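**Student:** no letters, just coordinates:
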Ligand SMILES: [Zn+2]
Ligand SMILES: [Zn+2]
């Protein structure tokens, strides 16, 4: 295979002939610079005398003039040939038939490490074909597989690209692209499954326009392994379907749900077949499980009778948490109450505002004052602990800063967390109108507070950093689910955007609520793990990645901060090991591979790659591999690795 070898040494230049030394225009190379810089020019090469050398503006070595008057080595040191090429992409694999999603409903059967899969992978990398974002064309000269942790749902490819950065100067750079593998049932498997082997289906739904409750439920399911024995999980915009091989497993799952979220259940059965001889009938059961449509941080305006029945709590309450009951809190007094699902379903109510990001306003904390509750506020319903948390917070809208001096002073059950300069999200009740007539009347009459603080923001989200989400110190495991085909095809991009938004909102909830996190497993993020690794080795750990410090900054100043809600290091579990990986037919190393227990052919790690003439970086090499090498100058373009259609050449 004609391919550029990874460790080939560079550079190899064609330098212009050295101009004669007697020319008055010649600029002599300072000896010091010359000895420091390689490559040295061949001395005394006779030239025509027309070429005039200049000194590289960065290192001072003598070179032929070029537009930037910089030598190739210096150009390489500051150039990034990979700019505009994505380093992360998503692949979808069908769990049923192991095929990979190509495009528009086309599925491709191909083995791991194969050429076909490589073609597919590269076609998913944006910025490789044609001109990239910066208008330049890159040439892919090599692509090789890089070992990834089994079950990591990741594939890695090391790409080597070349680009002519200025006339006559070609730079080459290698970098790693990570492919996230998502499970997605193909249409054929879907159809087969529908006629297939399941006996009991649990359809979980929540009639709200976001997925935050399901994101939470997913974490509960994972923590408790409640999905064990489930044949397939399918996700929809408004819920999830769980398929079970028998009634018992489904019943166990439903009883799990009952314990963690407020639900109501309806069962229906359908006769599939009857055996006349034995008189045994075969049924399929469908359990429709509806989760109460109230979600964490929703704002409610209770009917006065309900409020009275809930220990005389204020009518304006927030949903504090969702468990087998709906936990409510009066944000102004800290009084709490629990509403059972039975009470809810008897007389269902809708939130006056749901905690979507579009309904939340950012506030800056300017100060706070202690509050003493008046005697007529029920102390019975408010624990001493909650009373102590209460404070009057002085706030300004973030968007008002530097524009006006409008301030708000409101009580908040989160008051104890607030320090000057903190950033909150809250409901602006001066602006937000309610649908509920009763509530709207009281609101417009000014009987309700101006601001209800919903949560404190942490880390980069508080400071509005563009890549705040990436700098989180924790990450969550996700359930391996099938995305319903109908949902994808309709408006896949919009759905994805909404999902991403819900996920980010959910993470903000998680970040601000310790009680909620008790029910979940939080894992150290890769960023944090890397940072810790760096410290362990005594290295500086930040290197080119100065942003690492940011990830830990909110932990480092714990001592002066009595914030008991923010994520602490000791809450985080080490290395996330994902339970269902891409279902590799490739088994653990050992012996010459033939067929596995399911009769599927598999190869040793790297064996298929070798057979297909593709480089393979094994475990040890992979661990030492930089995610991006520095650019290096090369004298000629290498052979193109694939054609425009990502076919091997
Ligand atoms: Zn230079
Ligand atoms: Zn399939």
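**Tutor:** That came in fine, so what should we check first? Note that the structure is a prediction, hence the values are computed from the model and not measured. Residues are numbered from 1 along each chain as shown. Ligands and ions are numbered 1, 2, ... in the order given.

**Student:** name the helices or strands packed onto the helix or strand hosting residue 171?
**Tutor:** Element membership for residue 171 (DSSP states H and E) is strand 169-183. Counting contacts by 3 or more CB pairs under 8 Å, 6 or more residues apart in numbering; DSSP states H and E, strand 169-183 is packed against helix 72-78, strand 88-93, strand 139-146, strand 154-166, strand 632-634. Using the backbone N, CA and C atoms, a C-beta is placed for each residue, glycine as well.

**Student:** please work out the average pLDDT along that strand.
**Tutor:** Over the span of strand 169-183, the pLDDT mean works out to 89.

**Student:** can you start the count at 7 instead of 1 from here on
**Tutor:** OK, 7 is where the count begins now, so the last one is strand 175-189.

**Student:** so is it next to ligand 1?
**Tutor:** No: interface with ligand 1: strand 175-189 contributes nothing (CB under 5 Å from the ion), its closest point being 11.5 Å away.

**Student:** so how far is that strand from its chain's centroid?
**Tutor:** Offset of strand 175-189 from its chain centre (CA atoms, centre = their mean, to the nearest Å): 19 Å.

**Student:** and the angle for that strand with strand 145-152?
**Tutor:** 40 degrees (axes from the mean of the first three to the mean of the last three CA atoms, to 10 degrees).

**Student:** pull out the buried residues from strand 175-189.
**Tutor:** 175-185, 187-189 (16 or more other CB atoms under 10 Å).

**Student:** wait, which of these is closest to residue 323?
**Tutor:** residue 188 (38.7 Å; CB to CB).

**Student:** what residues does this structure put near ligand 1?
**Tutor:** 62, 64, 65, 77, 80.

**Student:** what subset of those is buried?
**Tutor:** For the residues of the chain next to ligand 1, a burial check counting by 16+ other CB under 10 Å picks out 62, 64, 65, 77, 80.

**Student:** please report how far residue 470 lies from residue 241.
**Tutor:** Going from residue 470 to residue 241 by CB to CB, to the nearest Å gives 31 Å.

**Student:** who has more neighbours, these two?
**Tutor:** Using other CB atoms under 10 Å, the more surrounded residue of residue 470 and residue 241 is residue 241, with 18 against 11.

**Student:** following element in sequence after the helix or strand harbouring that one, please.
**Tutor:** Using DSSP H and E, residue 241 maps to strand 238-242. Tracing the chain past strand 238-242, the next element assigned as helix or strand by DSSP H and E is strand 245-250.

**Student:** flag every buried residue along the helix or strand following that next one.
**Tutor:** As assigned by DSSP H and E, the chain's next helix or strand after strand 245-250 is helix 253-266. Neighbour-count burial for helix 253-266, with 16+ other CB under 10 Å as criterion, is recorded at 253, 255, 256, 257, 259, 260, 262, 263, 266.

**Student:** kindly report the same for stretch 622-638.
**Tutor:** For stretch 622-638, by 16+ other CB under 10 Å, it's 622, 623, 628, 631, 635, 637, 638.

**Student:** residue 74 in helix, strand or coil?
**Tutor:** Under the three-state scheme (DSSP: H, G, I helix; E, B strand; the rest coil), residue 74 adopts coil.

**Student:** identify the residues contacting the residue lying closest to it once chain neighbours are set aside.
**Tutor:** With sequence-adjacent residues excluded and distances taken as CB to CB, 6 or more residues apart in numbering, residue 74 is closest to residue 172, at 6.2 Å. Contact partners of residue 172, counting by CB atoms under 8 Å, 6 or more residues apart in numbering, are 72, 73, 74, 81.

**Student:** ok, residue 418 next?
**Tutor:** Residue 418 touches 337, 338, 396, 397, 398, 399, 424, 458, 459, counting by CB under 8 Å, 6+ apart.

**Student:** can I get the helices and strands packed on strand 175-189 in a markdown table including distance to residue 390 and mean pLDDT?
**Tutor:** Shown next, in a markdown table, are those (distance: least, CB to CB, whole Å; pLDDT from 0 to 100):
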| stretch | distance to residue 390 | mean pLDDT |
| --- | --- | --- |
| helix 78-84 | 62 | 84 |
| strand 94-99 | 49 | 89 |
| strand 145-152 | 57 | 93 |
| strand 160-172 | 49 | 90 |
| strand 638-640 | 67 | 85 |
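
**Student:** out of the ones you listed, flag the one nearest residue 616.
**Tutor:** strand 145-152 (10.0 Å).

**Student:** so the closest one versus strand 160-172, what angle?
**Tutor:** Going by the same axes, to 10 degrees, strand 145-152 makes 160 degrees with strand 160-172.

**Student:** buried residues, strand 145-152. List them.
**Tutor:** 145, 146, 147, 148, 149, 150, 151, 152.

**Student:** can you pull the residues of the chain lying near ligand 2?
**Tutor:** 100, 102, 103, 192, 195.
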